[in-house]
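Asker: quick one, what's the 3D model for this:
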Amino acid sequence: MIIIGRNIKNRSMLATIFKRPVGTGRPGSGRSSGLLASHARRLFPVLGLAFMAASTTLAAQPAVRQLEIADYRAYLAEDHPVRQGLRKFAELVQAASAGSLQVKVRADALPGSPAQQMAALRAGAAGAPALMLVATTGLATDTQEFALLDLPFLVRDEQQADALLGGAFGQALLGRMAPSGLVGLAWWENGFRQITTSTGPIRRAEDLRGLDMRVIGEPVFIDTFRAVGANPVPLPFGELHAALKSKRVDGQDNFYSQILAGRLYEVQSSLSVTNHSYSPLVLVANGAAWRALSAEQQRVLREAAVEAGKMQRDMVRGEARTARAELAKHGLMINEVAPSELAKLQVLTAPLRDRYFSRYGDDLRQLYQREQGGARENRPASPAP
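Answerer: Numbering: from 1, shown residues only. Just a heads-up that it's a prediction; the model follows:
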């Protein structure tokens, strides 16, 4: 009605309409005017109520907020545990927010190196998602403490990984991300790394000496293989198959699933089970996007990230067993390294763990030791970091 009051043209139009004959009355007769006035008195309140009802309905419907999420890799198959975990996360958010918060799972990844990806995510650059699943190697480019988790023989098994990351140590590491402009929501995982070679299985610790081993181009991986006497050769994963085929490198380390997905069994003869490095993933959010959410929306995202992460870790562990069996079917010889030889590798890498923990302060060392309790004594040859 305010619009009518303000619009002179509409007011003139109404006056013209009201002068038209109604019923049997003559134009301009008192009967016509009375009927029109009666209709108007009944019509305007109804229109007003309808307008208010529509306004109330629109106000009652919360605005839908959509966020994008991506993995740091674009080549994962749709049935990969990470892809399934991301879809589960989106479903949980949709259900818990009654549809007011929606997550779109992207199939692509940010271009560039891990450092470039993190810079784009942190800055909220054009094309960057609000949420991203990132490996600790990528996070270490901004928050160096995350390099601790890539240290060799830091984590013994899956149960120890869950206790470590689910406790004070894991929460303290997530808290270290704040100055970088990122928010850590939950821990997911890639799993444990194993060693493959074309020169025969690693039966003794000494068998690694002198081997040219492809590594991720990050200091902790380079330092690890130097510590055991190998020659580390940093290469991106996309170049690995060709490098192994040409004998540019003798071997590499990776997850069972990655070895299978990369068809490395075509250019390697042996897989030695070492579980020498555990690789977690972290679901992180851009800080500005996170702060723009309500406390309730943040709670929904965090709880969904934790729940989907538990499912994803279970799937990764099941897939590791399946992938190992598949690799054996493809002719890759599976070699279980003796505990005594693993203990030698742990001793060789002990100074590396000590150096990295000393670099980032004793508080994380103390939390690590507190969370592990007596677990360290299960590694008789490996000093505590």
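Asker: how many neighbours does residue 223 have?
Answerer: Using other Cβ atoms under 10 Å, residue 223 has 20 other residues around it. Glycine gets a C-beta too; all of them are placed from N, C-alpha and C.
Asker: what about dumping the CA coordinates of stretch 325-337 to CSV?
Answerer: Taking Å, rounded to 0.1, in the frame of the first residue of the first chain, the C-alpha atoms of stretch 325-337 are listed here in CSV:
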residue,chain,number,x,y,z
ALA,A,325,46.8,-57.8,-2.0
GLU,A,326,46.3,-56.3,-5.4
LEU,A,327,49.9,-55.3,-5.7
ALA,A,328,50.9,-58.9,-4.9
LYS,A,329,48.6,-60.1,-7.7
HIS,A,330,50.4,-57.7,-10.0
GLY,A,331,53.7,-59.5,-9.2
LEU,A,332,55.2,-57.1,-6.7
MET,A,333,57.0,-59.2,-4.1
ILE,A,334,55.9,-58.3,-0.6
ASN,A,335,58.7,-58.3,2.0
GLU,A,336,58.0,-58.1,5.7
VAL,A,337,61.1,-56.3,7.2
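Asker: from the chain's centroid, how far away is it?
Answerer: 30 Å (Cα atoms, centre = their mean, to the nearest Å).
Asker: cool, and stretch 304-313?
Answerer: Relative to the centre of its chain, stretch 304-313 is centred 10 Å away, using Cα atoms, centre = their mean.
Asker: tell me which residues are up against that stretch.
Answerer: 81-82, 84-86, 88-89, 92-93, 96, 158, 162, 185-189, 283 (Cβ atoms under 8 Å, 6 or more residues apart in numbering).
Asker: can you check stretch 157-177 too?
Answerer: Stretch 157-177 is contacted by residues 139, 142-143, 145-146, 148-149, 155, 183-184, 187, 189, 275, 278, 280, 282, 284, 313, 317, 363-364, 367-368, 370-372, 375 when judged by Cβ under 8 Å, 6+ apart.
Asker: do the same with stretch 332-351
Answerer: So stretch 332-351 is contacted by 151-153, 196, 201-205, 208, 224, 227-229, 259, 265, 268-274, 276, 324, 327-328, 379-383, 385 (Cβ under 8 Å, 6+ apart).
Asker: report the central residue of the protein.
Answerer: With distances taken as Cα atoms, centre = their mean, the chain has residue 133 as the residue nearest its mean C-alpha position (1.8 Å).
Asker: CA atoms only for the strand or helix carrying it, dumped as PDB, please.
Answerer: Assigning secondary structure by DSSP states H and E places residue 133 in strand 131-135. Below are the C-alpha coordinates for strand 131-135, written out as PDB (Å, rounded to 0.1, in the frame of the first residue of the first chain):
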ATOM      1  CA  LEU A 131      37.600 -25.600   2.800                       C
ATOM      2  CA  MET A 132      40.500 -27.900   1.800                       C
ATOM      3  CA  LEU A 133      41.900 -31.200   2.700                       C
ATOM      4  CA  VAL A 134      45.700 -30.800   3.000                       C
ATOM      5  CA  ALA A 135      48.600 -33.100   3.800                       C
END
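Asker: and that strand, which strands flank it?
Answerer: Applying DSSP bridges, strand 131-135 is found paired with strand 65-71 (parallel), strand 270-286 (antiparallel).
Asker: count of residues packed around residue 97?
Answerer: Count around residue 97 with other Cβ under 10 Å applied: 20.
Asker: I figured it was touching residue 298, is that so?
Answerer: No - applying Cβ atoms under 8 Å as the test, residue 97 and residue 298 come out as separate, 11.1 Å apart.
Asker: just the angle for the lengthiest helix in the chain relative to strand 270-286, thanks.
Answerer: Assignment by DSSP state H gives helix 295-329 as the longest helix of the chain. For helix 295-329 against strand 270-286, the angle by axes from the mean of the first three to the mean of the last three Cα atoms, to 10 degrees is 170 degrees.
Asker: buried ones in helix 295-329?
Answerer: Using 16 or more other Cβ atoms under 10 Å as the burial criterion, the residues of helix 295-329 that qualify are 297-298, 300-302, 304-306, 308-313, 315-316, 319-320, 323-324, 326-327.
Asker: give the rounded mean pLDDT of that helix.
Answerer: Averaged across helix 295-329, the pLDDT comes to 97.
Asker: could you look up the next helix or strand downstream of it?
Answerer: Going down the chain from helix 295-329, the next helix or strand is strand 333-336, by DSSP H and E.
Asker: past that next one, which element shows up next along the chain?
Answerer: As assigned by DSSP H and E, the chain's next helix or strand after strand 333-336 is helix 339-359.
Asker: just the C-alphas of that following helix, formatted as CSV.
Answerer: The C-alpha trace of helix 339-359 is given here as CSV (Å, rounded to 0.1, in the frame of the first residue of the first chain):
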residue,chain,number,x,y,z
PRO,A,339,61.6,-56.0,13.7
SER,A,340,65.3,-56.1,14.5
GLU,A,341,66.1,-54.4,11.2
LEU,A,342,63.4,-51.8,11.7
ALA,A,343,65.0,-51.1,15.1
LYS,A,344,68.3,-50.3,13.4
LEU,A,345,66.5,-47.8,11.1
GLN,A,346,64.9,-46.2,14.1
VAL,A,347,68.3,-45.8,15.8
LEU,A,348,69.7,-44.2,12.6
THR,A,349,66.9,-41.7,12.4
ALA,A,350,66.7,-40.9,16.2
PRO,A,351,69.0,-37.8,15.9
LEU,A,352,66.6,-36.5,13.1
ARG,A,353,63.6,-36.7,15.4
ASP,A,354,65.5,-35.1,18.3
ARG,A,355,66.6,-32.2,16.0
TYR,A,356,63.2,-31.5,14.7
PHE,A,357,61.5,-31.6,18.1
SER,A,358,64.3,-29.3,19.5
ARG,A,359,63.7,-26.9,16.7
